[in-house]
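Participant: here is a sequence with its predicted model. Questions after.
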Amino acid sequence: MAKITPLHQNVKLLVAVTSDNHIDIKHPIPALPMWYLTQSLKDAQDSAHPVDVYLTVGDTTSRGSETNWLLAQKCFRRARPAKHVFLTVGNHDLWNDDGYEKAEKNYLRFSNAICGTQHDKTWFSHTVNGYKLIFLGNTEDAGCEAHLGEEQLKWLSAELDAANGAPAFVFCHQSLNGRHGLPRTWDRSGTATDPMEGGIGTESDTVAAILKAHKNVFYFSGHSHMGLCGEARKAAEGYSSFEEEDGVVLVNLPSLACGNHHGDDRSMGIGVVIEVYEDRVAIRPRNFAHHAMNRKVAIKDGKPYFEKELG
Ligand SMILES: [Fe+2]
């Protein structure tokens, strides 16, 4: 057990990230995902260096009902994980027995209450310690896929322009199509063959082109509940949780509390810590429930984390 401790001196931004927390009153043991979420919040709170941002990459709830959001809110009241808290919207947050509009209203109401924000859309950005954090979100019901729309895509491009080459961090529940082993890593059976399955969907190529037109972009997704995969999986199967493509870094997070498949470490409780320095960015998998950094999976160059010097 060890507190979150940055790799190097003079960290400029420290972010704790989890995804697919799936707080759910219909879970066989609702207290279980709540325990994992609470552990991650307390782990960030107890960090050896103050965490600037705690954020999720979507599916904070399974079905965005008021009951589930109230349970999530209860967890967030148990700790003060960071100066800032932000919740990316996920497809499960937007699924509700009362329809999409009600689910979106619940997401905005509760994420604003939890985070102390005043967002009126599922997509927004914040600049923390000089670094852009950009959150993408659906604008209509799109099933498992994303639907961002022209206005949001133009805005994404403008936001990345405004970062002006400084490292910028984009959070979207769905990964780009076909990355991180998709579509076969989409579910436990590994039988999906539709190239769009498990990814953004029809807007994937447009999002990829926008990301690649900018320097030092880091894109984070969740959604597939793939366990933590590193360079051995990349060599054997051609995919990893950490991929690089035309200068863009793509990171896919395991589910914090809903079970994982296809991974070299399928434990629950896993997320990542982002550490931004003047000349580099480190992204380090952490088991927030065990209060320990990853030691099981080699991520890059034999090290148990990803590190990239800024161009
Ligand atoms: Fe999920």
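Facilitator: Thanks, I have it. Residues are numbered from 1 along each chain as shown.
Participant: every contact and neighbour count from this point should use C-alpha atoms.
Facilitator: Fine.
Participant: the ion contacts on the stretch 201-311 of the chain?
Facilitator: On the criterion Cα under 5 Å from the ion, the ion has as its neighbours in the stretch 201-311 of the chain the residues His223.
Participant: mind jotting down where the strands sit in the stretch 201-311 of the chain?
Facilitator: When assigned using DSSP state E, counting those that start in this stretch, the strands of the stretch 201-311 of the chain occupy the ranges 217-221, 242-245, 248-252, 270-276, 280-287, 292-293, 306-309.
Participant: Leu160 versus the residue most central in space within the chain, what's the distance?
Facilitator: Residue closest to the average C-alpha location in the chain (Cα atoms, centre = their mean): Val57, at 3.1 Å. To Leu160, Val57 is 19 Å away according to Cα to Cα, to the nearest Å.
Participant: tally up the residues packed near the residue in the stretch 1-150 of the chain that the ion sits nearest to, please.
Facilitator: Of all residues in the stretch 1-150 of the chain, Asp20 sits closest to the ion, with a separation of 4.5 Å (Cα to the ion). Taking other Cα atoms under 10 Å as the criterion, the count of residues near Asp20 is 31.
Participant: do the same with Ser47
Facilitator: The local packing of Ser47 (other Cα under 10 Å) involves 18 other residues.
Participant: cool, Trp123 as well?
Facilitator: 20.
Participant: ok, it - contacts?
Facilitator: Ile134, Phe135, Leu136, Gly137, Asn138, Gln152 (Cα atoms under 8 Å, 6 or more residues apart in numbering).
Participant: those residues: which ones sit near the ion?
Facilitator: Under the cut-off given by Cα under 5 Å from the ion, the ion has nothing from these close to it.
Participant: just the buried ones from those residues, in PyMOL syntax?
Facilitator: The following PyMOL selection, which keeps only the buried ones among the contacts of Trp123, applies the criterion 16 or more other Cα atoms under 10 Å:
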select buried, resi 134+135+136+137+138+152
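Participant: can you put the contacts of Trp123 in a markdown table and add secondary structure and pLDDT?
Facilitator: As requested, the contacts of Trp123 are arranged in a markdown table below (DSSP: H, G, I helix; E, B strand; the rest coil; pLDDT from 0 to 100):
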| residue | secondary structure | pLDDT |
| --- | --- | --- |
| Ile134 | strand | 99 |
| Phe135 | strand | 98 |
| Leu136 | coil | 98 |
| Gly137 | coil | 98 |
| Asn138 | coil | 96 |
| Gln152 | helix | 98 |
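Participant: widest-spaced pair of the contacts of Trp123?
Facilitator: Farthest-apart pair in those is Ile134 and Asn138; separation 13.6 Å (Cα to Cα).
Participant: report the closest residue of the stretch 201-311 of the chain relative to the ion.
Facilitator: Proximity of the stretch 201-311 of the chain to the ion (Cα to the ion) peaks at His223, 4.6 Å away.
Participant: ok, how many other residues are close to that residue?
Facilitator: Other residues within reach of His223, judged by other Cα under 10 Å, total 26.
Participant: cool, thanks, talk later.
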